[in-house]
Each structure stands twice: as C-alpha cells, then as structure tokens.
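> below is the sequence, then the predicted model.
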Amino acid sequence: MFKPIKVRHISEEVFDQIKSAILDGKVKPGEKLPTEREMMKQLGVSRIPIREALKLLANIGFVETRQGGGSYVRSLLVDRVRDPLNHIMKDNAEKIYELLEVRREIETWSAYYAAQKSTAEDIAALNRLIEETRTYYVKGKTPPARLDADFHRCVAHASHNTIREHLTYTVYDVFSEYFHFLIENVCFNQKYENAIYEQHQGICDAISRRDAEMARDAVREHLDFVGEALRSQVG
C-alpha cells in the first residue's frame, strides 16, 4: 500500500536548485556561479553539501570548477559539438563560412524573439556592453573580442530560450579562433570599427522597440557584413 520514504541529502537539494537554474536559463553559459560563501548564505546550508553538489554537477558536465577561480556554467553542448567541428574546419577552412551561415540562422531568430521576450534587465545589459565598447573607441583603442561575443550571447540570453543560448555559446566557442583573427586584423580599420558599433546599436534599438522583424534584419545585415570582411582577409 505504501512506498518507502526516500530521505534526500542536502547536497541533492543543492544540486537540483543549481541544475534547475542552469536549465531555466537563470545563469548563462560561461557565467560564474555565486561563491560558496554566497550560496551558503542564500541556501542556508554549510559548505560541505555545496561542494558535493558542485562536484556532481562537474561530473555530468554542467559546471567547471577552476582552481582558485570559482565555478562556471558550461555549455551543455560544447563537448559534443566543439571538437568535431574544429576537426572539420581544420581540414577545410572554407567551412568557416558554413559556420557563419549557422550563426546567421541562429542569431537572427535570437534577435527576433529577444524583441518579443526581453526584459528591462536584458536591454540594460545590452546597452552596458555597447557603452563599454564605445569607451574604447573614444580612447582610440580596439575593443577586446570578448565584448563583441558577449553582445551576441546577451541577445541570445534575451530570447529566453535555453537551448538557443547554449547553441550560440557553443558556436562562438568554435568560432573564437577566427573571431580573434577578425578583430585583430580587420578591426584596426576605423571604418570597420564604426560600422560594427553602429550595427550593434541598431540591433539593440530594434530589440528595445520590440520590433522583431527589424531586429532579425539588423542581425542578418550585421553578419553579412562580418562575412564579407572575413572573406576579404582570408579569401
């Protein structure tokens, strides 16, 4: 008639809460989790179950714990996708343009849904990245590649689709080698820098206005521009 009552360990409860936060998109791929001390305070538990939960999450590939640097959310797809794609592109550099097409397909729809679903906090985060980028231009410096990547990942986050966000993170992880090449070799051109800045601003404005089609078209035009710039450098 009755089933045995299962007594759960505190570490399992902690595990479930962190895992749910990752799956629900409350914490983004690449984002640092709160410190152990902060989690102790928020969850009302000791350090031991938190460490046990983080170890379990690391074992299944949800988080990465860095020595002395805390724990970070991993892309749920990166291990299965990154290495095969890197091998494909290593054997055929032309595949980078196919990857760019995949970016275009994913990111245009990220922007489309971001215009519909983004919160005030999402839009504020996009504006902060644009403003940080602007400060480099004002000083006559080239913005670091991470700012451009962070902007696009922020758009994906604003679409409030966890799978799309993790796909975007994984694509950028694979694209990073070529992306850094583009920033370091093309972005010293002031005309290119200004164009990228204005395009990002246009994407953000469209999302802020809740104009989904404009946001989608703005991303498409931006990635077409990036593709042409890459092809002009590497052929």
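Yes, it's here.
> which helix or strand contains the residue nearest to the spatial centre of the chain?
Central residue of the chain (C-alpha atoms, centre = their mean): Arg153, 3.4 Å from the mean position. Using DSSP states H and E, Arg153 sits in helix 145-158.
> list the buried residues of that helix.
By 16 or more other C-beta atoms under 10 Å, the buried positions in helix 145-158 come out as 145-146, 148-158. Yep, even glycine has a C-beta here, placed from its N, CA and C like the rest.
> just the CA atoms of that helix, as CSV, please.
Output of helix 145-158 as CSV, limited to C-alpha atoms (Å, rounded to 0.1, in the frame of the first residue of the first chain):
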residue,chain,number,x,y,z
ALA,A,145,37.0,40.5,-28.9
ARG,A,146,35.0,39.3,-25.8
LEU,A,147,32.8,42.4,-26.0
ASP,A,148,31.5,41.5,-29.4
ALA,A,149,31.0,37.9,-28.4
ASP,A,150,29.3,39.0,-25.1
PHE,A,151,26.9,41.2,-27.1
HIS,A,152,25.7,38.4,-29.3
ARG,A,153,25.4,36.0,-26.4
CYS,A,154,23.5,38.6,-24.5
VAL,A,155,21.0,38.8,-27.4
ALA,A,156,20.6,35.0,-27.2
HIS,A,157,20.0,35.2,-23.5
ALA,A,158,17.4,37.9,-24.1
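> which residues outside that helix are in contact with it?
Residues from elsewhere that reach helix 145-158 (C-beta atoms under 8 Å, 6 or more residues apart in numbering): 25, 28-30, 106-107, 110-111, 114, 117-119, 122-123, 125-126, 129-130, 132-133, 136, 164-165, 167-169, 172, 176, 179-180, 183-184, 196, 200, 203, 207, 219.
> repeat that for stretch 23-33.
18, 21, 39, 54, 63, 70-76, 78, 153, 157, 160-162, 165-166, 169-170.
> how far does that stretch sit from the chain's center?
The chain centre lies 9 Å from the centre of stretch 23-33; the measure is C-alpha atoms, centre = their mean, to the nearest Å.
> I'd like the mean pLDDT over stretch 24-44, please.
Mean pLDDT, stretch 24-44: 87.
> and the protein, what are its domains?
The chain breaks down into these domains under automatic domain parsing: 10-73, 78-234.
> what about the helices in the chain?
Per DSSP state H, the chain carries helices over the ranges 10-23, 36-43, 47-59, 78-91, 95-117, 120-138, 145-158, 162-186, 190-208, 212-234.
> buried set for stretch 12-26?
Buried residues in stretch 12-26, counted by 16+ other C-beta under 10 Å: Val14, Phe15, Ile18, Lys19, Ile22, Gly25.
> for this protein, give me the ranges with low pLDDT.
1-7, 76-93, 175-189, 233-235 (pLDDT under 70).
> can you rerun that using 90?
The chain contains residues with pLDDT under 90 at 1-17, 19-32, 34-35, 43-47, 49, 56-103, 134-149, 162-197, 226-235.
> for Thr133, see how far away Gln199 is.
11 Å (C-beta to C-beta, to the nearest Å).
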